[in-house]
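Peer 1: this is a predicted model, with the sequence first.
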Protein chains: 2
Amino acid sequence: MAAPNRDPDHLARLQDYYAQNRRIPSLKRIAELLGFASKAASSGLMKRLAEAGFVERTADDDAWIPSAQFFARPVIDTVRAGLPQAANDPRQEAIGIDDYLISKPSRTVLLVVKGDSMIEAGLFENDHIVVDRGAPARNGDIVVAIVDNEFTVKYLAQDKRGFFLKPGNPAYPVIRPLGQLEIYGVVVGSFRKYA
Amino acid sequence: MAAPNRDPDHLARLQDYYAQNRRIPSLKRIAELLGFASKAASSGLMKRLAEAGFVERTADDDAWIPSAQFFARPVIDTVRAGLPQAANDPRQEAIGIDDYLISKPSRTVLLVVKGDSMIEAGLFENDHIVVDRGAPARNGDIVVAIVDNEFTVKYLAQDKRGFFLKPGNPAYPVIRPLGQLEIYGVVVGSFRKYA
DNA sequence: ATTATTGATGAACTTTCGTTCATCTACGGG
DNA sequence: CCCGTAGATGAACGAAAGTTCATCAATAAT
């Protein structure tokens, strides 16, 4: 090797551009963005990024699009000491949040939490929950059930009398199903954005 | 008005295409995709979709990109009645969680929460937090600070004596910085996976 | 039936895109 | 110190992009 590898920095700028425009720009604009004087440099860069797995081509080979790795972010271990450079440390782990939270995309849906009946579980109003329909619900799971034709998020609990729904908030009563308990899906994750 | 408006259907197909390719295709390919014989039809369609707020142009006016409304599925409304088919609507593909939580990828890192000092804020042990380094920290924000060479997550608070760190848990004391308060970044989001 | 309106057509046109290739530059290894 | 290598340059090229506009088609209202 000869020149210091500036590709990570270039990738970072492309990621920022993508976050703003939801699009990988033309080679000409990549050159502008990164300070290249020639589109050929952009072309080379994209090929390298493709080789590294950050971008790929559309099915019709029309253009570059980001791949899963493009969205991965570094995870910093809270315990480790050497803090400042941690974000640039290449050895660290990087994950994509979608990948991390969603394992079966085809049967996963997102719901918005309403009310405060699960605050003990750390689910606040307007949090998003990741719901896996089709996963078997077990005792103790947080589930989305359909009660009175409405979604409700509760713990799934079980005693001698059978399954029932338990809120994560002492201010709410448990819900005993009249007949069959209708489970919509299992909550496998949650996320929240701070204004 | 004259012809029945087929735009919603066309939009749906574009959304499907986008879900697969993370990209709005060229006018020519839009024509192929939707059965137009002419690119001019695609051009007209995009202008109408733009007027309706589903797509917009990049800052540099290079190309069409989806706007927020493009992804705006009637997020499965907890209150609504017609549940079953809601999840099967192809337009309701999962939103990009990464997109949703991360706006500046290059200065965003993930940290793992340790301890229970922020349970009131819904941050539990082993939750992941999305940290924007470089964003200005304001009074009331949840921030990651460096105290005694360790990361700590707390509310940033301010009184006559200056800035200090306030835990989201009455069992912990507030932290007054000896000198300068060292802010690593601002917490802009969080997520959690249920085993 | 007639008309008004909106979307689709098809061709011509200009601009921009991406590729190629020979050449140049900068850094690290021997 | 000199070389080897990988990335950057710049120009030229063909292919594809998007725009424009006159015209056609289909529908809903009168």
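Peer 2: Nice, thanks for sending it over. Residues are numbered from 1 along each chain as shown, chains lettered A, B, ... in the order given.

Peer 1: and the helices in chain A?
Peer 2: Taking DSSP state H as the criterion, chain A contains helices spanning A:7-21, A:27-34, A:39-51, A:97-101.

Peer 1: how about the residues of chain A by DNA strand D?
Peer 2: Residues of chain A found near DNA strand D (CB under 7 Å from any atom of the strand) are A:1-3, A:5-7, A:31, A:35-41, A:44-45, A:48, A:62. For every residue, glycine as well, the C-beta is placed using N, CA and C.

Peer 1: which other helices and strands does the helix or strand of chain A with the lowest mean pLDDT contact?
Peer 2: In chain A, no helix or strand scores lower on mean pLDDT, DSSP states H and E than strand A:94-95, which sits at a mean of 82. The contact analysis (3 or more CB pairs under 8 Å, 6 or more residues apart in numbering or on different chains; DSSP states H and E) places strand A:94-95 against strand A:73-76.

Peer 1: give the partner strands of the strand it packs on in its sheet and their orientations.
Peer 2: Paired with strand A:73-76 in the same sheet, following DSSP bridges, are strand A:94-95 (antiparallel), strand B:108-112 (parallel).

Peer 1: the nearest residue to residue A:24 once chain neighbours are set aside and residue A:173: what is the separation?
Peer 2: In this structure, residue A:24 finds its nearest non-sequential neighbour in residue A:64, 4.8 Å apart by CB to CB, 6 or more residues apart in numbering or on different chains. In this view, residue A:64 and residue A:173 are 55 Å apart by CB to CB, to the nearest Å.

Peer 1: which of those two has more neighbours?
Peer 2: Shown here are residue A:64 and residue A:173; by other CB atoms under 10 Å in any protein chain shown, residue A:64 has more neighbours (23 against 10).

Peer 1: okay, that one: pLDDT?
Peer 2: Residue A:64 is assigned 95 on the pLDDT scale.

Peer 1: what sits against it?
Peer 2: If you count contacts by CB atoms under 8 Å, 6 or more residues apart in numbering or on different chains, residue A:64 has them with A:24, A:46, A:50, A:55, A:56, A:57.

Peer 1: and with 7 Å instead?
Peer 2: Each residue near residue A:64 by CB atoms under 7 Å, 6 or more residues apart in numbering or on different chains is listed here: A:24, A:46, A:55, A:57.

Peer 1: same check, this time on residue A:182
Peer 2: Applying CB under 7 Å, 6+ apart, we find residue A:182 in contact with A:145, A:146.

Peer 1: try 8 Å this time
Peer 2: By CB under 8 Å, 6+ apart, the contact list for residue A:182 reads A:145, A:146, A:147.

Peer 1: ok so, going back, most tightly surrounded among the helices of chain A?
Peer 2: For those, the largest average neighbour count (mean count of other CB atoms under 10 Å in any protein chain shown) is found in helix A:97-101, namely a mean of 21.

Peer 1: which residues are in contact with it?
Peer 2: If you take CB under 8 Å, 6+ apart as the criterion, helix A:97-101 is touched by A:68, A:71-73, A:130, A:188-189, A:191, B:94, B:96-98, B:101-102, B:128, B:130, B:191, B:193.
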